[in-house]
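[1] how does the following fold in three dimensions:
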Amino acid sequence: MRARSIHARSPAVPLARAFPCLPRERSSAASPSRALGASTRARRIARASSCRADPFARGVPSGSRIFGHSDDLRRTPRSRDGVEDVRSMARTAARVLASPTPSPRRARAPRGATRAAMSSPTSYVPRGPIERARVAVTGANRGIGLELCKALLARENVVEAGCRRASDALRALERSSDGRLIVSEGVDVGDDAAIDAWARAMTTRGRRLDVVVNNAGVVGTNGYDAWDLETTTAEEMMHVFKINCVGPTLVVRALLRHGLIGADANAPSLVGNVTSKVGSVEDNGSGRGYSYRASKSALNIVTKSMSIDLASRGVHFALLHPGWVKTDMTESRGLIDAEESARGLIRVLQGEFGDCERFWFDYKGDKIPW
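    Model prediction:
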């Protein structure tokens, strides 16, 4: 369209070239137009007022914007003989060409205003009530993760539930959530690419995350079969370490890279890493559990380091001990059910037992030694 070619010209281009239909200025000594009759001059002015410079008036809907400007060109005052119309249009065109207007491509808002929404401030404050916030939970298909989703939905939060394969119970919860539970399958915390894909997908669905609960974990490759020293293998230790320690670390890294946390220190987030009391060195009075204990101890120190490194970016951290819970992972050997554990963990994150960033609490609010 002519409009684009006009805008592309430099402001230094003479108006006669930018608008070839406008009457050209000449010196009075050399201008033959003064010798023309009044009727000829009138015809030229009439042609100029309706020629190619007028697509601004003919082809643009009322109220639309051109090159980022309002439709000033449509409102040019017109006089009876058309002379003031052409001159005023020329002056307006000069202002358009000279103004430092950004290109239409640069002026567009981000797709779906997603990034603006992610960086917008929310009412959530770490260690405050987790209500009407956006929360991500890993290992959400069953056990503690599923109960966390239920409890968080009851508080009117939007929950991003990540899991390797959704259970029937999680899908039923999704259908009854009025769209506030978003289930993502294929989220394997042992797979770096899967973690990154989940983080990338979450950036398309709204603002940043307020709370993250790294809940996914394993006892061993086959439950408690390798709990003793005699049955512990290198493969067993590496597998458990990868899921329980490396996984949460890579989740935090991916969320940072995609701006879901840490993008604005004035819009803080809280990351809760589900560890275990068996990772406490001081509390270990029974031995065994080499792979699991080591992985949880490692997660504790990784969480401590991240809390230092990301403090300036507004990312806060808490360690969570869920208790010995009756779940499939523990082969139902626990002392409490998953619902009680989930309620307690949310209370820890809300700071109801004290400063969860300085102290390590279990689901009952009891302090755990390092």
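
[2] leaving out chain neighbours, which residue sits closest to Leu220?
    To be clear, residue 220 is Gly; Leu isn't right here. Nearest non-adjacent residue to Gly220, counting by Cβ to Cβ, 6 or more residues apart in numbering: Ala226, 5.0 Å away. Where you see a C-beta, it was placed from the backbone N, CA and C, and this is true even at glycine.

[3] need the contact list for that neighbour.
    Gly220, Thr232, Thr233, Glu236, Ser291 (Cβ atoms under 8 Å, 6 or more residues apart in numbering).

[4] could those be laid out in JSON lines, adding pLDDT and neighbour count?
    JSON lines is the format used below for those (pLDDT from 0 to 100; neighbours: other Cβ atoms under 10 Å):
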{"residue": "Gly220", "pLDDT": "95", "neighbour count": "22"}
{"residue": "Thr232", "pLDDT": "97", "neighbour count": "18"}
{"residue": "Thr233", "pLDDT": "97", "neighbour count": "11"}
{"residue": "Glu236", "pLDDT": "97", "neighbour count": "19"}
{"residue": "Ser291", "pLDDT": "98", "neighbour count": "25"}
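
[5] closest one of the residues you listed to Gly334?
    Gly220 (16.0 Å; Cβ to Cβ).

[6] from Val137, how far out is that closest one?
    23 Å (Cβ to Cβ, to the nearest Å).

[7] now Ala193
    20 Å.

[8] the two: which has the busier surroundings?
    Val137 (26 against 10; other Cβ atoms under 10 Å).

[9] quick check: bridge partners of that one?
    Ala161, Val213 (DSSP bridges).

[10] who are the contact partners of it?
    Gly145, Leu148, Cys149, Leu152, Val159, Glu160, Ala161, Gly162, Val212, Val213, Asn215.

[11] TSV please, covering the residues you listed and showing pLDDT and neighbour count.
    What follows is the contacts of Val137, written out as TSV (pLDDT from 0 to 100; neighbours: other Cβ under 10 Å):
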residue	pLDDT	neighbour count
Gly145	97	26
Leu148	98	28
Cys149	98	30
Leu152	98	24
Val159	98	26
Glu160	98	26
Ala161	98	28
Gly162	98	30
Val212	98	25
Val213	98	30
Asn215	97	27
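
[12] show me where the chain has helices.
    2-8, 15-18, 38-49, 55-58, 83-98, 104-107, 114-119, 143-154, 168-175, 192-202, 234-241, 247-257, 290-309, 338-349 (DSSP state H).

[13] among these, which gets the worst mean confidence?
    For these, the weakest mean pLDDT is recorded on helix 104-107, namely a mean of 33.

[14] can I get the CA coordinates of stretch 260-277 in PDB?
    Backbone C-alpha positions of stretch 260-277 (Å, rounded to 0.1, in the frame of the first residue of the first chain) are rendered in PDB as follows:
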ATOM      1  CA  LEU A 260       7.900 -17.600  35.600                       C
ATOM      2  CA  ILE A 261       9.900 -16.800  38.800                       C
ATOM      3  CA  GLY A 262      12.600 -14.400  39.500                       C
ATOM      4  CA  ALA A 263      11.700 -11.900  36.700                       C
ATOM      5  CA  ASP A 264      10.800  -9.100  39.100                       C
ATOM      6  CA  ALA A 265      12.100  -8.800  42.700                       C
ATOM      7  CA  ASN A 266       9.000  -6.700  43.500                       C
ATOM      8  CA  ALA A 267       6.800  -9.700  42.500                       C
ATOM      9  CA  PRO A 268       8.200 -12.500  44.700                       C
ATOM     10  CA  SER A 269       7.600 -16.200  44.500                       C
ATOM     11  CA  LEU A 270       8.000 -19.000  47.000                       C
ATOM     12  CA  VAL A 271       9.400 -22.400  46.200                       C
ATOM     13  CA  GLY A 272       8.700 -25.300  48.500                       C
ATOM     14  CA  ASN A 273      10.900 -28.300  48.100                       C
ATOM     15  CA  VAL A 274       9.500 -31.500  49.600                       C
ATOM     16  CA  THR A 275      12.400 -33.200  51.400                       C
ATOM     17  CA  SER A 276      12.300 -35.600  54.300                       C
ATOM     18  CA  LYS A 277      13.300 -35.800  57.900                       C
END
